[in-house]
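1. Predicted coordinates and the sequence they were generated for:
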Amino acid sequence: MQRSTIAELSRQLRGGSVTSRALVERYLAAIEALDGSINAFITVCGEQALAAADAADELLQSGQAGPLTGVPLAHKDIFCTTDAPTTCGSRMLEGYVSPFDATAVERLRAAGAVLVGKTNMDEFAMGSSTETSYFGPTGNPWDLNRSPGGSSGGSAAAVAAGMIPAGTGTDTGGSIRQPAALAGVTGFKPTYGRVSRYGMVAFASSLDQAGTLTLTAEDAAILMEAMAGFDPRDSTCADLPVPAYTDALNTSLAGKRIGVPKEFFDAGLDSDNEQCVREAIAVFEEQGATVVEVSLPNLHLSVPAYYIVAPAECSSNLSRFDGVRFGHRHEEVTDLESFYKLTRKEGFGPEVKRRIITGAYVLSAGYYDAYYLKAQQVRQLISEDFKRCFAEVDLLAGPTTPTPAFLLGEKMDDPVQMYLNDIYTIGVNLAGLPGISVPCGLVRGLPVGLQLIGPQFGESAVLNCAHIYQQQTQWHDLVPAISASGSDGDSR
Amino acid sequence: MALSKKDIQQIAHLARIEVSDDEIADYVDKLSQIIGLVDQLQQVNTTDVVPMAHPSDMYQRLRDDEVSEVNQRELFQRNASAVTDGLYRVPKVLD
Amino acid sequence: MSWETVIGLEIHAQLATRSKIFSGASTAYGAEPNTQACAVDLGYPGVLPVLNAEAVRLAVRFGLAIGASISERSVFARKNYFYPDLPKGYQISQYELPIVVGGSIRIGLDDGGEKHVAVTRAHLEEDAGKSVHENFDGESGIDLNRAGTPLLEIVSEPELSSAVEAVAYMRTVHQLVRYLGICDGNMQEGSFRCDANVSIRQVGDEQLGTRTELKNLNSFRFIERAINYEIERQIDVIEDGGEVVQETRLYDSDRHETRPMRSKEDANDYRYFPDPDLLPVVLDSNYIETQRAALPELPEARQQRFVQSFGLSRKDAAVLTGSRETADYYEGLVEYLKGEHKLAANWVNGELAAALNRDSTGISEARVTPKLLAGLLQRIVDGTISGKIAKEVFEAIWQGEGEADDIIESRGLRQISDSGELETIIDQVLANNPSQVEQYRGGAHKVLGFLVGQVMKATGGKANPGQVNELLRTKL
């Protein structure tokens, strides 16, 4: 079996050359064959998926199908679903079934997509390797000893290995783009406020944004057209019309200005990675774009600013996990304080607890101004840097990560090293911008990602540019060692 | 800046997380590294910089005052392991 | 040593919205536990708050009524602490940028003077749920129906100097919020409650003493008693050489004492920060001016107008304007009774108030409507019935027997104004009481009263006492 894009599957489904049931069966078989070694899924909902596929097939027969009708899909296990547990990769929510669907889930469901499973993730999306999951780490299909990145590592690995054509993800500091880069798939994070956060278990509310992990930018555009848009249940969701992203995919890049921030090419960037990214940028020039060097002088402050803002928000967001109304509960104590402390000690893993405590610390009396307020000011500086750039250029281009996939366990005992892996992605979240990572080469047999960044609500330009790149290159077609096709280096 | 065991215990208490004696050294070590990382910001001159609480520069939208929710107690309480007479049970709350 | 007291109040007024401040669940009181707590109120993973426009409008209304400035930009913040009645582990409140800033409340003092109490701020926040301790065998039960009910927290400056002043302030705010229709003021249901910050200092000291915060003050009587208890306690502590500890204390109305709240012992680091799920609330001047134009006449102005336009005493006017409903009733009544303002006031504050009180009825629901009462009072004014008979007729109207005229007619209560009829009765009385007639004629004029009484008795109270008096004198 070859990997297929949503666009292809959609054509086949509507053309009647394949049924949704057949597709679901095929992907379930791939999961069955591969996931024992990859561990990309926390939950696989085969029976429900087949039932939904049958319903989709009826719709397809009746000619009322949309572009996603019958297309198998996986959700990162941070999206609330009523028909499958939502664990957030945590013992705290083991077996938890949400009483409601997330807006993104609801919309994709309404568009006809068939939920096949829920993918593995760093616990509560806190991590860059999918190793902090209570349900065990996910392996990178390119090298099972390596991490697929994180926190949306499950979706990235599942798409890379052909266990699912596309998956959703969330990106708080790079959690879609970084695993996309490390697993060799396309990871798209829209502008903050473009996709409703309702029903997405919150990590850091001012940074979290839902997006997609797909084989192509075109697939990201197709999914975004279903997911994006105003939701009255999310006060931070933008009340703006959603452009027809797929219509803009083939717009010529002639005359476009692409900025290359010099800070993206610092000493931390692997030289082979740099080579791939430079070559990718040259493709844009061939397509008629003008490439100019720009500067994000405060970029180096994005990691420290992020590691104040994100933990502060997470420490508060995760206070609701107290063992009373849902989730893990410590049963043996009779005093309230021990009840809370033991419930939370047992329910949360080490990285989540570190972040909660860090967050409580930076907000606590006497430290608020020095940490939290300072970080908000630095956030402003970083955001202004981006705004200055976008006054000059249409898009920014650079690496997604400093290096290809690292070994599982390599950074687990050194949180700061793990955090610094997100140096090129975090600023985008602080400023609330759209960004994408597309495969742009192999380094030592591992994929690397090119990152494209747009101004707020400039998703169309980002997807357009990524799509044009993918029309000119085949990096996104490279198939990893462990995949449904079973061979290395094949085209999909 | 290095954190002390006492700092950790205090903050962990605020965050209601039990930190046992055999875990504390690891917390001290890793959290001190993290605080060391974020302490870089202290060098930045941010005079007159307006703090940015949010990436969105939009305003709060207001909802009409309408009752739109129905009673779903039974559904919600399926996730709760200790319920009596519709009330969530917790260890005794002191005034 | 001579001590003075400094008190600041934090009043929590539940805003009269249909749905909660951040969710579409009902705010109705008294439902079965947890049946009015939706996913948002329960703090379910993935839920988000959306602000209720009406809560904002009601807060603005209050701010405008006290002459405060309305913030064009206000921000919601999270107040973080763990407590079982607080489902998210934080309360959404306002901290650095509240919606209402400044303003003042004028209170009347016992000596007839007045005092302006400055309001620091009033901010929007969500209420918490409730813990139930009965029948739980060492555990507590949590009901989150109240969680998310909108509150306006009205914070005064520490400018009140006695428990009596604190109560006067609280009553004035209570009257105001009901006038504005922003809170039902029901203290039993907890719709209107307060915390008091109490400290003492030596007379003449500039610096404030260490304060304690008293919680759970849910009646005017308890506020006064709790504050007085606390003042005495603080004086005792200091005079015994101790120091007042800054703490939160709970008033126990059964034992009439305050005691430290154990649950608040370490809750002083709330780690406030702007709520990233909510954006700044921005109100333009157009909105604010529209709300200003929609303000009703406020109690103080209305009281003034009642004194000036209706010639009422300050005291009568104060009672009549005590609630908006009472003042509306009174104005409705005098519409029908031009010129009889005092009579109308006496009846509203007297007979009507007593009947409402007896039957625990609100004036808006009174069966004796302004029109019905006016019909009755008209008959006093035109001499058809006496004031005494009128009370009987009032009672009959109250019982639903119809209009005054019908009752007067059917019960034959019309005053005997025909002097021929009355003379016959007087002659009869004089004939039946020869010795009293003898005494009067002998100069003992005091017996006239007795004779008048006999005539009134014989007429069943329907005679006009003045007329009886005059006729008797003539005959004697």
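-> That came through, no problem.

2. any idea of the mean pLDDT for the strand or helix carrying residue C:430?
-> Counting by DSSP states H and E, the element that carries residue C:430 is helix C:419-432. Over the span of helix C:419-432, the pLDDT mean works out to 84.

3. what do you get for stretch C:32-39?
-> Stretch C:32-39 carries an average pLDDT of 98.

4. and if you look at stretch C:93-104?
-> 97.

5. returning to what we had before: ok now the helix holding residue C:430, how far from the chain's centre?
-> 52 Å (Cα atoms, centre = their mean, to the nearest Å).

6. Tell me the helix or strand right after that helix.
-> Moving toward the C-terminus from helix C:419-432, the first helix or strand encountered (DSSP H and E) is helix C:434-441.

7. what's the average pLDDT for the helix or strand following that following helix?
-> Downstream of helix C:434-441, the first helix or strand assigned by DSSP H and E is helix C:447-458. Helix C:447-458 shows a mean pLDDT of 86.

8. in whatever helix or strand comes next after helix C:447-458, what counts as buried?
-> Helices and strands here follow DSSP H and E; after helix C:447-458, the next one along the chain is helix C:465-475. Residues of helix C:465-475 classed as buried under the neighbour-count rule (16 or more other Cβ atoms under 10 Å in any protein chain shown) are C:467, C:468, C:469, C:471, C:472. In short, each C-beta sits where N, CA and C put it, glycine included.

9. Please apply the same query to stretch C:383-392.
-> Going through stretch C:383-392 with 16+ other Cβ under 10 Å, the ones that come out buried are C:384, C:385, C:386, C:389, C:390.

10. contacting residues around it?
-> C:351, C:376-377, C:379-380, C:393, C:408, C:411, C:413-415, C:417, C:461-462, C:464-465 (Cβ atoms under 8 Å, 6 or more residues apart in numbering or on different chains).

11. swap the cut-off to 10 Å and go again
-> In this structure, residues lying in contact with stretch C:383-392 by Cβ atoms under 10 Å, 6 or more residues apart in numbering or on different chains are C:343, C:346-347, C:350-351, C:376-380, C:393, C:404-405, C:407-408, C:411, C:413-415, C:417, C:456, C:460-467.

12. Distance from the chain centre to that stretch, please.
-> Between the mean C-alpha location of stretch C:383-392 and the chain-wide mean there is a distance of 31 Å, by Cα atoms, centre = their mean.

13. How about the contacts made by residue A:279?
-> A:440, A:441, A:450, A:473.

14. In a strand, the second one, correct?
-> Yes - with DSSP: H, G, I helix; E, B strand; the rest coil as the criterion, residue A:441 is assigned to a strand.

15. how many neighbours does it have?
-> The burial metric for residue A:441, expressed as a neighbour count using other Cβ atoms under 10 Å in any protein chain shown, is 22.

16. Enumerate the beta-bridge partners assigned to it.
-> Counting by DSSP bridges, residue A:441 is bridged to residue A:448.

17. Could you check how far it is from chain C?
-> Remark: distance between residue A:441 and chain C (Cβ to the nearest Cβ, to the nearest Å) = 37 Å.

18. Pretty sure that residue sits against residue A:282.
-> No - with the criterion set as Cβ atoms under 10 Å, residue A:441 and residue A:282 do not qualify as a contacting pair; they are 12.0 Å apart.

19. Count the neighbours of residue C:290 for me.
-> Counted by other Cβ under 10 Å, the residues lying close to residue C:290 total 12.

20. next one: phi and psi at the residue of chain B found nearest chain A?
-> When Cβ to the nearest Cβ is the measure, chain B has its nearest residue to chain A at residue B:55, with 2.5 Å between them. Backbone torsions of residue B:55, given as degrees, to the nearest 10, read phi -70, psi -20.
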